[in-house]
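Participant: I would like the atomic coordinates for the input below:
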Amino acid sequence: MGKASIFKFSFLLLLTVVPTTLYANEFEPLEDFLEIPNLARQNSQKIMIGEVEDVILFPWGIKFPARIDTGATMSSLDARDVSVANKVADFRLDDKFGGKRLRLPFVNWVHIRTSVGIEKRPVVEMGICLGPKLIRTLATLTDRSKMTYPVLVGRSALNGSFMVDTSRSREVQPACPAGSFQ
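Facilitator: As a prediction, the model looks like this:
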């Protein structure tokens, strides 16, 4: 094996190992703030999903079209008039989704590289229903009005429970356990 082949192999190995170790314990969930069972980890059988799926925001029961993006580490939610105080992020949804004011537990701030530069965004813990799974995940809050989809589901939310086929869309409908949305 030549030096170039060894380098390529080492680099690919590094890409597959490092993200797991970097992100596995980076964000601890706020167990006592959101009462979302970790149903996504209970079933080891993977669910096939497409590039676009509908998700329901827990516990409000608000349905959104979402882009599944395995290239993004973290999920993102369309939010307006965001304010953060006392470990709680307060924001408003777009009028297309009821314009409701919501509150979610604030985790921290992150800097995200966008097409126009670097943006500082609040990270919240939220629950989404994707197919039959109720998932507790971290998401950034940002104005996604210029984007096609108000929710982006990143790979940390998928967490080994899903397989993504980008040639498909709307493979599963959100169907979380009865009584989850009150």
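
Participant: Point to the residue nearest the middle of the protein.
Facilitator: Ser75 (2.8 Å; C-alpha atoms, centre = their mean).

Participant: Look up the residues forming beta bridges with the closest residue in space to that one that isn't next to it in sequence.
Facilitator: The shortest distance from Ser75 to any non-neighbouring residue, by C-beta to C-beta, 6 or more residues apart in numbering, is to Ala139 (4.0 Å). (Each C-beta comes from the backbone N, C-alpha and C, glycine too.) Per DSSP bridges, the residues bridged to Ala139 are Ser75, Val124.

Participant: per-residue confidence for the closest residue to Pro177 other than its chain neighbours?
Facilitator: Once flanking residues are discounted, Pro177 sits nearest to Leu134: 6.9 Å by C-beta to C-beta, 6+ apart. Leu134 is assigned a pLDDT of 93 by the prediction.

Participant: wait, Leu134 sits on Pro59?
Facilitator: No: judged on C-beta atoms under 8 Å, Leu134 makes no contact with Pro59 at a distance of 9.8 Å.

Participant: With neighbour numbers in mind, choose between these two.
Facilitator: Leu134 (23 against 15; other C-beta atoms under 10 Å).

Participant: do you know how far the more buried one is from Thr148?
Facilitator: Look at Leu134 and Thr148: by C-beta to C-beta, to the nearest Å, they are 25 Å apart.

Participant: before we move on, what about Ala72?
Facilitator: Distance from Ala72 to Thr148, by C-beta to C-beta: 14 Å.

Participant: out of these two, which sits in the more crowded spot?
Facilitator: Counted by other C-beta under 10 Å, Ala72 and Thr148 do not tie: Ala72 has more neighbours, with 17 against 8.

Participant: burial measure for the spatially closest residue to that one that is not a sequence neighbour, as a count.
Facilitator: In space, and not counting its chain neighbours, Ala72 is closest to Gly154: 3.9 Å by C-beta to C-beta, 6+ apart. Gly154 has 20 neighbours, counted by other C-beta under 10 Å.

Participant: Same question for Asp95.
Facilitator: Per other C-beta under 10 Å, the neighbour tally for Asp95 reads 9.
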